[in-house]
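[1] Dropping a prediction and its sequence here:
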Amino acid sequence: MKVTEQSISNRFRPSWWSANRHLQTLWGSLIRRLPALPTMQRLRLDLEDGDFIDVDYYQQNDRPTILLLHGLEGSVDSPYIRGMIDSAKAHNWQILVMHFRGCSGESNRLLRSYHSGASDDLDEVINLLSKKGITIDYLVGYSLGGNVLLKWLGEQANKAPVKAAAAVCVPLMLDVCAVEINKGFAKLYQFALLRTLRNKVRQKITQFGEASMQAHSTKFPTANEVSSLTDFRRFDNRFTAPAHGYKNVDDYYKKASSYQFVPNIEVPTLIIQSKDDPFMNESVLPAIDELPPSVTLETNDCGGHVGFVHGKWPWRAEYYLEQRIPEFLKKW
């Protein structure tokens with residue numbers, strides 16, 4: 001195995017009408033007409049800790065199998081997931097979408113939820129699927145899902161049982177990203193994401209009881225305090241960190257950030273980032289001498305957060321990720 005290009009710049013070129021990072025970021029959810037989903041089965045995988053993870057599954061026997069990992073508060077219905085399903089179906093691939101805990105339309109059973117460092121869940125899902133006779137050839141992760149993916153690949157090193165992977169708009173340094181998304185217009189993205197996350201915390205309080213959660217950790221917010229978690233540092237310090245065994249928000253950001261795991265990756269992996277991503281800045285990007293031979297880092301001046309929309313005219317929009325990712329994966 002050898003990746004010939006470790007660093008690629010500006011392979012994606014926006015069109016005259018799409019060279020704006022917020023338009024790139026919002027296009028999929030506000031403007032794009034989403035492709036129809038194929039008929040998919042839902043597999044419920046019971047985990048060792050008593051919880052479950054739902055995987056949506058488009059069966060194509062004897063074809064390469066791709067597993068997609070959505071971003072924060074995403075699902076099979078996220079525009080970028082729907083688009084990649086459509087692209088993978090056109091390649092006659094077998095398709096699976098892993099829903100992180102609590103993201104499949106049903107609350108998970110445990111106090112813990114999901115987070116940027118939940119590579120243990122990905123590992124267990126891959127193992128459970130293997131026991132069902134489903135072998136994963138390709139892995140693709142977006143944003144939070146990309147961070148989980150790169151962390152898992154680095155942890156597995158040469159033991160990762162997949163042929164190739166791709167990660168898009170990855171928050172490689174979580175502390176940096178928490179600062180950037182709390183600035184200017186990006187605060188609107190933070191507001192939208194935290195609104196649903198706070199609702200999930202309220203559900204946990206209803207499910208387990210405030211006293212029980214406070215007994216587990218005094219850091220957990222009370223029902224009256226949930227509304228005060230208005231930025232990611234506060235939310236992660238009061239819920240994500242204590243719910244998942246981290247000392248505090250800084251311990252979580254340090255241990256869960258995928259940047260430190262990239263040098264250990266041995267599976268051919270494409271990382272696609274945009275320098276104008278409103279969720280982060282260029283300081284999260286690894287230097288060329290930090291990349292192992294297996295990793296190709298593609299940086300683009302434009303693309304927003306999981307955007308990469310182009311095409312001659314807006315009504316004939318094209319979606320770069322859905323072309324570029326299969327092109328890379330098919331090499332392996």
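    Sure thing, it's come through. Just so it is clear, the structure is predicted and the values come from calculations on it, not from any experiment.
[2] Longest helix of the chain, counting residues only.
    Ranked by number of residues, the top helix in the chain under DSSP state H is helix 186-208.
[3] Could you pull out the buried residues of the helix or strand following it?
    Toward the C-terminus, helix 186-208 is succeeded by helix 210-216 as the next helix or strand (DSSP states H and E). Neighbour counts over helix 210-216 (16 or more other C-beta atoms under 10 Å) mark residue 213 as buried. C-beta: built from backbone N, CA, C; applies to glycine.
[4] which residue is nearest the middle of the chain?
    residue 145 (1.9 Å; C-alpha atoms, centre = their mean).
[5] quick one: secondary structure of residue 44?
    Taken by DSSP: H, G, I helix; E, B strand; the rest coil, the conformation at residue 44 corresponds to strand.
[6] Okay, domains of the protein per the record?
    Listed by automatic domain parsing, the domain ranges of the chain are 7-171+259-329, 174-256.
[7] Need the winner for burial among the ones you listed.
    Highest mean neighbour count among the domains of the chain (mean count of other C-beta atoms under 10 Å): domain 7-171+259-329, with a mean of 19.
[8] start to end distance for that domain?
    Start-to-end span of domain 7-171+259-329 (C-alpha to C-alpha, to the nearest Å) is 17 Å.
[9] average pLDDT across it?
    Averaged over domain 7-171+259-329, pLDDT sits at 97.
[10] residues touching residue 107, list them.
    Going by C-beta atoms under 8 Å, 6 or more residues apart in numbering, residue 107 touches 200, 203, 207.
[11] again, 7 Å this time
    Residue 107 is in contact with 203, 207, counting by C-beta atoms under 7 Å, 6 or more residues apart in numbering.
[12] my guess is residue 279 meets residue 177, correct?
    Yes: with contact defined as C-beta atoms under 7 Å, residue 279 counts as touching residue 177 (5.6 Å).
[13] Check the gap between residue 243 and residue 141 for me.
    Applying C-beta to C-beta, to the nearest Å, the value for residue 243 to residue 141 is 22 Å.
[14] likewise residue 287?
    22 Å.
[15] Can you check the pLDDT for the residue of the chain most remote from its centre?
    Taking C-alpha atoms, centre = their mean, the residue of the chain most remote from its mean C-alpha position is residue 211, at 32.5 Å. Note on residue 211: pLDDT of 93.
[16] next one: the one 5 residues further on
    Note on residue 216: pLDDT of 90.
[17] tell me the contacts of the closest residue to it other than its chain neighbours?
    Among residues not flanking residue 216 along the chain, residue 111 sits closest, at 6.6 Å (C-beta to C-beta, 6 or more residues apart in numbering). Going by C-beta under 7 Å, 6+ apart, residue 111 touches 204, 208, 213, 216, 243.
[18] nearest to residue 161, of these?
    Distance to residue 161 across the contacts of residue 111 (C-beta to C-beta) is lowest for residue 243, with 29.1 Å.
[19] which ones are touching the closest one?
    111-113.
[20] let's go with 10 Å and repeat that
    Counting by C-beta atoms under 10 Å, 6 or more residues apart in numbering, residue 243 makes contact with 110-115, 201, 204, 213, 216-217, 219-220, 236.
[21] Residue 23 too?
    Residue 23 neighbours (C-beta under 10 Å, 6+ apart): 14, 17, 30-31, 302, 304, 307, 309, 314.
[22] Please report phi then psi for it.
    phi -60, psi -40 (degrees, to the nearest 10).
[23] Distance of it relative to residue 304?
    Taking C-beta to C-beta, one finds residue 23 at 7 Å from residue 304.
[24] Can you work out which residues contact both of the two?
    Residues touching both residue 23 and residue 304 by C-beta under 10 Å, 6+ apart: residue 14.
[25] Check the nearest residue to residue 189 once chain neighbours are set aside and give its pLDDT.
    Of all residues not flanking residue 189 in the chain, residue 181 sits nearest, at 6.1 Å (C-beta to C-beta, 6+ apart). pLDDT for residue 181: 98.
[26] thinking the residue nearest to the centre of the chain is in contact with residue 115, fair?
    No: using C-beta atoms under 10 Å, residue 145 makes no contact with residue 115, being 11.5 Å away.
[27] ok, residue 180 to residue 276 distance?
    Distance of residue 180 to residue 276, computed by C-beta to C-beta: 11 Å.
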